[in-house]
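Engineer: based on what follows, work out the 3D shape:
(chains A and B)
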Protein chains: 2
Amino acid sequence: MGAQFRYEALETWLEQGIREQRWGSGERLPSIRALCREHGLSKATVQHALQRLESRGLIETRPKAGHFVAVRPLNVAQPVSRARIEPPRPVTVNELLLDIMGRNAAFDLLPALHETAPPPGIVALNRAIARALRRPSQGSYQYYDAPAGDIGLREQLTVGMARRGCRLGVDALCITSGCQNALFLALMASCSRGDIVAVESPGFYGVMQLLEHLELQVIEIPSAVDWGMDLEALHAVLQRWPVRACIVSPSFATPGGALMPDAAKQRLLALADEFDLAVIEDDIYGDTGFTSVPDPLKGMDRYQRVILCSSFSKSLSRDLRLGWISGARWHDRILQIKLVTQLAGSRSVQQGVAAFLADGGYAAHLRRERGRLREQRDQLRTMLDDWPGDVRVSVPDGGLAVWVELPEGIDTLAAYPRALAQGVVITPGPLFSASGQFGNCLRLSFAHPWSQARRQALAVLPEIFGLTPANGGDERRPA
Amino acid sequence: MGAQFRYEALETWLEQGIREQRWGSGERLPSIRALCREHGLSKATVQHALQRLESRGLIETRPKAGHFVAVRPLNVAQPVSRARIEPPRPVTVNELLLDIMGRNAAFDLLPALHETAPPPGIVALNRAIARALRRPSQGSYQYYDAPAGDIGLREQLTVGMARRGCRLGVDALCITSGCQNALFLALMASCSRGDIVAVESPGFYGVMQLLEHLELQVIEIPSAVDWGMDLEALHAVLQRWPVRACIVSPSFATPGGALMPDAAKQRLLALADEFDLAVIEDDIYGDTGFTSVPDPLKGMDRYQRVILCSSFSKSLSRDLRLGWISGARWHDRILQIKLVTQLAGSRSVQQGVAAFLADGGYAAHLRRERGRLREQRDQLRTMLDDWPGDVRVSVPDGGLAVWVELPEGIDTLAAYPRALAQGVVITPGPLFSASGQFGNCLRLSFAHPWSQARRQALAVLPEIFGLTPANGGDERRPA
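Structural biologist: The predicted structure follows:
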């Protein structure tokens, strides 16, 4: 996904090693000389990479001793996975979500601000769509689009997937009205009423709602905010209950931005084959990766069991409403369900987006966007540093949000109306569980610039939550 | 819907009287003098209206005797309603439809022609959307639209509905991805798996498919191509089976263009209240009415039982993918299901369409479009006149298609591949029935200009069907 400087490549390699615990907490990294030799780099390049890792709090430099993985890799403590495994059950989702969505607020503390000038990528995108709409030969108004969607857009999408190690034919893709719509199609095609579906916990509220409306049963699998679903827990569940499908977000899962390691992906696919599962992969955050874009699970799908679902809503525009699905052995059924539930999409819009992709507009947009998101993530972390009490925050390397764990006893759901009274819309933790867990957690987004108004909105939250230094003391900082 | 000339108003009034059989077949109309007096019109105006009716084949002038309703009001015989009532059953829809849709062909014999220059209305529409996309303050890319859709578009839609005698608040409307999507939401909200749904027969194939995918049972109610659903038959069915919902298209139902009389609408609503039904109104063809735009059933909905579903796909653009729904007592549930199955629509596109409506672009487009469709309908009728054998054709006053009934024994489904081999895509009758009825029927659209190529495509069909003058003789013409 675009050329990297040599120091960036090394930085990424080292960071991945730290995340995968090739070098554990407090452990010494290879020497500068060893890194120069193994990677064919100059000393200056290696030092540049190390300085960047240090500035990000991932490593520490000890004079004369070398470079060490930070004891707490980041300044703010990471949340601890704590979901309970409970038997499968029907779902009832908190109606709060409708309120939050009604305020256009899923990713903004201050949705009233709303009007911001669009970045150059959005200007170029909208220009491309406008051009497609005005093509003089435009006869689309008299014809429904093909059920699978515009072939030009599908071609562009396969090019993007191939760059991520996932080779798909255009016939393996179907365009949808966004990722939520793709998840709906995936569940409609692979499950029947009453079936059990395993989900990440904490996990995406949109999935919980789908399960409710399709009258499916849910089983929540504990998921760590850095590594994703606990596959040992999944295995135990599969041995006990007849699970039909498993929904995962291997690349920067919401709410915490977890990244599933490759070994875990392999394990998941083996379990899927052993227990006859559909694996529904929500890849919506994949393209946002700040340092690298992970390969999707779908690329390893040798059993034709992975239904890839994605869209441009997180990486490009939430107003575009264009997603896609690749349905493995369920693909024909997915095409039929799309036809039946909405006939077709807008070909003009798809052609505009295809042109934007082909012209490199999307790649350029992503380059700018990743830098912006990473900076906004870091600004949020810095501000959260000032919150009193035992506050744990995930440090995702992609996505649009962090997962914040407040001290036990704090109730973010009860705080919602209090925050709203001050014009601030929060996303409480229990939305991310089908059983109302994570009452002391919330998701905080860094999708928007930290303007003065948003900084002030964030600053009122500790008091609204009743956070004090006494809440669990101030033990979160490493020595 | 726009100013009418005085002669047009009289023409419409007389035509309605004929359709409602105020004056039966062969009966004498009021004298010119009586019409002048009762309507406060000049003799020239009355004569102009009568001449137009005569030229359309609706009435005959007999010198010295007066004006009479044509014995066969139109030159081509009308199909006869013949659906059988069968017990409720699960649905399996012919896979042919996926093939037809894959060829972008639901309304075109020759979809390969495809590229035609758009009319001025579409140019203006696309310009309005392009403008909305390029608004400098456009911040929509970072926010999902509200679950109910853009308020400006909803306001414009309520204005249009009010003109048709249907007063709705903006909160009673929800924007959808087209009418099929609205029908899906209506069924999801009002029915549960296994419920029985009454449908028109022949009726819209999209509804049959929805019933199949939602695992609902269907019961087909015989429906006349001019008057719509037989409410006596519906009543008998309601007394016998626990029907949950009834889907009707009171205004120009596909395939034949039937128009439900007001008295029948009242009867249907009374039955709905007596038998606790949801009435799902598919109004997608309403705005196409050639001589007048009928009031929707929804306007009479005093029991909050009518779920109105519609879109711009037939009256404006099939590429727009914008519909709407007004869900009566099921509306809150519909909003939730929309949120869950696709989150939101594109606000920019909705704002563009709202501006197009507010500027009068839609009204102007409809004025042009109605004339064009009526002319193309008449051209099709003239061509069908030349078909040999007993061919019966509906004469709709709106919509995009006629229903053609060929002699018994002719199999339009079997003819599909033969037509396709010559590049012609037909829409066989059995698609319009959940039980494969209407094997000797087909829907023929007049949505597209009758270019030389399309005339030739139509001309090959009699031979493909094996039509000969011997098939039922040539009895269809009136004396």
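
Engineer: contacting residues for A:Asn126?
Structural biologist: With contact taken as Cβ atoms under 8 Å, 6 or more residues apart in numbering or on different chains, A:Asn126 is in contact with A:118, B:133-134, B:138, B:348. C-betas here are computed from N, CA, C, even on glycine.

Engineer: export the helix or strand containing it as PDB, just CAs?
Structural biologist: Here A:Asn126, judged by DSSP states H and E, is contained in helix A:120-134. Provided in PDB are the C-alpha atoms of helix A:120-134 (Å, rounded to 0.1, in the frame of the first residue of the first chain):
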ATOM      1  CA  PRO A 120      -8.800  16.600  -0.400                       C
ATOM      2  CA  GLY A 121      -9.600  12.900  -0.700                       C
ATOM      3  CA  ILE A 122     -13.300  13.500  -0.200                       C
ATOM      4  CA  VAL A 123     -13.300  16.400  -2.600                       C
ATOM      5  CA  ALA A 124     -11.700  14.200  -5.200                       C
ATOM      6  CA  LEU A 125     -14.100  11.300  -4.400                       C
ATOM      7  CA  ASN A 126     -17.200  13.500  -4.700                       C
ATOM      8  CA  ARG A 127     -15.900  15.000  -7.900                       C
ATOM      9  CA  ALA A 128     -15.400  11.500  -9.400                       C
ATOM     10  CA  ILE A 129     -19.000  10.500  -8.500                       C
ATOM     11  CA  ALA A 130     -20.400  13.800  -9.900                       C
ATOM     12  CA  ARG A 131     -18.500  13.100 -13.100                       C
ATOM     13  CA  ALA A 132     -20.000   9.600 -13.300                       C
ATOM     14  CA  LEU A 133     -23.500  11.000 -12.800                       C
ATOM     15  CA  ARG A 134     -23.000  13.500 -15.600                       C
END
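
Engineer: re earlier: lowest-confidence entry in the contacts of A:Asn126?
Structural biologist: Within the set of these, pLDDT is lowest for B:Gln138 (62).

Engineer: now the contacts of A:Asn126 in TSV, with distance to B:Arg84?
Structural biologist: Output for the contacts of A:Asn126, formatted as TSV (distance: Cβ to Cβ, whole Å):
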residue	distance to B:Arg84
A:Pro118	58
B:Leu133	51
B:Arg134	56
B:Gln138	55
B:Ser348	49
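
Engineer: among those residues, which one lies nearest to B:Cys246?
Structural biologist: B:Ser348 (36.7 Å; Cβ to Cβ).

Engineer: what ranges in chain A fall below the confidence cut-off?
Structural biologist: By pLDDT under 70, the low-scoring segments of chain A are A:1-3, A:55-57, A:71-83, A:90-94, A:104-105, A:112-116, A:136-139, A:470-479.

Engineer: ok, longest strand in chain A?
Structural biologist: Using DSSP state E, we find that the single longest strand of chain A is strand A:217-224.

Engineer: could you check which helix or strand contains the closest residue to A:Leu339 other than its chain neighbours?
Structural biologist: Of all residues not flanking A:Leu339 in the chain, A:Pro147 sits nearest, at 4.5 Å (Cβ to Cβ, 6 or more residues apart in numbering or on different chains). A:Pro147 belongs to no helix or strand when assigned by DSSP H and E.

Engineer: neighbours around A:Gln351, how many?
Structural biologist: The number of residues packed near A:Gln351 is 24, by other Cβ atoms under 10 Å in any protein chain shown.

Engineer: and the one 10 residues further on, by the same measure?
Structural biologist: For A:Gly361, the number of neighbouring residues by other Cβ under 10 Å comes to 21.

Engineer: next up, the contacts around it.
Structural biologist: Applying Cβ under 8 Å, 6+ apart, the residues contacting A:Gly361 are A:121, A:124-125, A:128.

Engineer: how about TSV for those residues, with neighbour count and distance to chain B added?
Structural biologist: Shown next, in TSV, are these (neighbours: other Cβ atoms under 10 Å in any protein chain shown; distance: Cβ to the nearest Cβ, whole Å):
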residue	neighbour count	distance to chain B
A:Gly121	22	9
A:Ala124	18	11
A:Leu125	27	8
A:Ala128	23	10
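
Engineer: how about TSV for those residues, with distance to A:Glu54 added?
Structural biologist: Shown next, in TSV, are the contacts of A:Gly361 (distance: Cβ to Cβ, whole Å):
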residue	distance to A:Glu54
A:Gly121	31
A:Ala124	36
A:Leu125	37
A:Ala128	41
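
Engineer: just give me the closest of these to B:Cys191.
Structural biologist: When these are compared against B:Cys191 (criterion: Cβ to Cβ), the nearest one is A:Leu125, at 39.3 Å.

Engineer: that closest one reaches A:Ala355, doesn't it?
Structural biologist: No - checked against Cβ atoms under 8 Å, the pair A:Leu125 and A:Ala355 is beyond contact range at 9.6 Å.

Engineer: near chain B, which residues of the stretch 201-350 of chain A?
Structural biologist: A:206, A:209-210, A:212-213, A:215, A:313, A:316-321, A:335-337, A:339-349 (Cβ under 8 Å from any Cβ of the partner chain).

Engineer: just the buried residues of these.
Structural biologist: Buried subset of these (neighbour count, 16 or more other Cβ atoms under 10 Å in any protein chain shown): A:206, A:209-210, A:212-213, A:313, A:316-321, A:335-337, A:339-349.

Engineer: just the ones in helices from those, please.
Structural biologist: Using DSSP state H, the subset of those located in helices is A:206, A:209-210, A:212-213, A:335-337, A:339-342, A:347-349.
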